[in-house]
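Student: The following block contains a protein sequence and its predicted model.
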Amino acid sequence: VVEEGGSDRDEVQRAAEMLSSTRLIGTILNKSRQAEIAPAEERRPGWFGRLFGSGQD
């Protein structure tokens with residue numbers, strides 16, 4: 001669980017690196033200031049891509 005504005009960017013990146021070989025079901029972003037709802041066929045970068053600028057999940 002990551003809290004927008006509350007979780008340290010380096011800690012989130014370190015956790016993501018530690019979990020890189022693990023299959024995840026999903027992620028939770030708490031207290032997000034911006035809700036994004038898009039049709040399923042529109043491929044948009046996930047929160048991790050937006051946070052780190054990769055444009056990929």
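Tutor: It's in.

Student: can you pull the buried residues of the longest helix seen in the chain?
Tutor: Ordering each helix of the chain by length in residues (DSSP state H) puts helix 9-18 first. Buried residues in helix 9-18, counted by 16 or more other CB atoms under 10 Å: Val12. To be clear about C-beta, it is placed using only N, CA and C from the backbone, and glycine gets the same treatment.

Student: Output that helix as CSV, nothing but the C-alphas.
Tutor: What follows is helix 9-18, C-alpha atoms only, in CSV (Å, rounded to 0.1, in the frame of the first residue of the first chain):
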residue,chain,number,x,y,z
ARG,A,9,9.7,7.7,-3.1
ASP,A,10,13.0,5.8,-2.4
GLU,A,11,11.2,3.3,-0.1
VAL,A,12,8.6,2.6,-2.8
GLN,A,13,11.2,2.1,-5.4
ARG,A,14,13.2,-0.2,-3.2
ALA,A,15,10.1,-2.2,-2.4
ALA,A,16,9.2,-2.5,-6.1
GLU,A,17,12.7,-3.7,-6.8
MET,A,18,12.5,-6.3,-4.1
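
Student: elements contacting it?
Tutor: For helix 9-18, the packing partners by 3 or more CB pairs under 8 Å, 6 or more residues apart in numbering; DSSP states H and E come out as helix 47-52.

Student: Quick one, grab the pLDDT at Glu11.
Tutor: pLDDT, Glu11: 90.

Student: Average pLDDT for stretch 50-57, rounded please.
Tutor: Per-residue scores along stretch 50-57 average to 61.

Student: same deal with stretch 23-38?
Tutor: Rounded mean pLDDT across stretch 23-38 is 72.

Student: which parts of it are buried?
Tutor: Going by 16+ other CB under 10 Å, stretch 23-38 has no buried residues at all.

Student: picking that back up, could you point out which element follows the longest helix of the chain?
Tutor: strand 29-30 (DSSP states H and E).

Student: Show me the contact partners of that following strand.
Tutor: Strand 29-30 has contacts (CB atoms under 8 Å, 6 or more residues apart in numbering) with 1-4, 6, 47.

Student: pretty sure Leu51 contacts Asp10?
Tutor: No: counting by CB atoms under 8 Å, Leu51 stays clear of Asp10, with 11.5 Å between them.
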